[in-house]
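Engineer: Would you be able to build a 3D model of this:
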Amino acid sequence: MRRADEDDFHDFVADRMDRWRRSAFLLCQDWHAADDVVSVTVAKLYRSWRTVRRAENRDAYAQRVLTRSWLDERRRPWSNREQSWAEVPDVAGAVPETVTDRDGLAALLRSLAPKQRTVLVLRFYLDYSVEETARMLGISAGTVKSQSARGLANLRTAVNRQY
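Structural biologist: Numbering: from 1, shown residues only. Okay, the predicted model is just below:
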């Protein structure tokens, strides 16, 4: 890779790293797994930088690579057996309200099937259109709509059970 291309790549990645980590976390529900997915994404983008560089929408291209990397990781047999924890609590204590809300949202997202979670994160957190989401996931717009509807219905049901 030429020096100018490499500088362009590094600038592109540096500007988007935080967003990629947040969206990967929303998909994975685990910061360690999210970092792994982002690392795989960056490696894939580096290998195909000439193609990425010429893409009409680099951000959408990168998000598609990230989303598909996560879906590929979910298909691996060990992903269903392994759980990681950032910290093991010694004693239950008072938790600030903002953390409780964030944890509640994370639990609700974890309750969804992976494809529903992916569609909802892309559509409502990252604000992609139905067509963009369909292109990213390689599915039809109708499937995006049905997965959105089912995912939202499942979230409503889960919220109603809590309250």
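
Engineer: mind listing what the residue nearest to Lys115 when sequence neighbours are not counted touches?
Structural biologist: Nearest residue to Lys115, sequence neighbours excluded (CB to CB, 6 or more residues apart in numbering): Gln147, at 5.8 Å. All C-beta spots, glycine's among them, are computed from the backbone N, C-alpha and C. Gln147 makes contacts with 115-116, 119, as judged by CB atoms under 8 Å, 6 or more residues apart in numbering.

Engineer: Reformat those into TSV and put neighbour count, pLDDT and secondary structure next to each item.
Structural biologist: Formatted as TSV, the contacts of Gln147 follow (neighbours: other CB atoms under 10 Å; pLDDT from 0 to 100; DSSP: H, G, I helix; E, B strand; the rest coil):
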residue	neighbour count	pLDDT	secondary structure
Lys115	17	89	helix
Gln116	21	91	helix
Val119	30	92	helix
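
Engineer: wait, which of those residues is closest to Val159?
Structural biologist: Nearest to Val159, judged by CB to CB, of these is Gln116 at 14.8 Å.

Engineer: looking at it, the closest one is touching Ser146, isn't it?
Structural biologist: No: at 9.7 Å, Gln116 does not count as touching Ser146 under the criterion of CB atoms under 8 Å.
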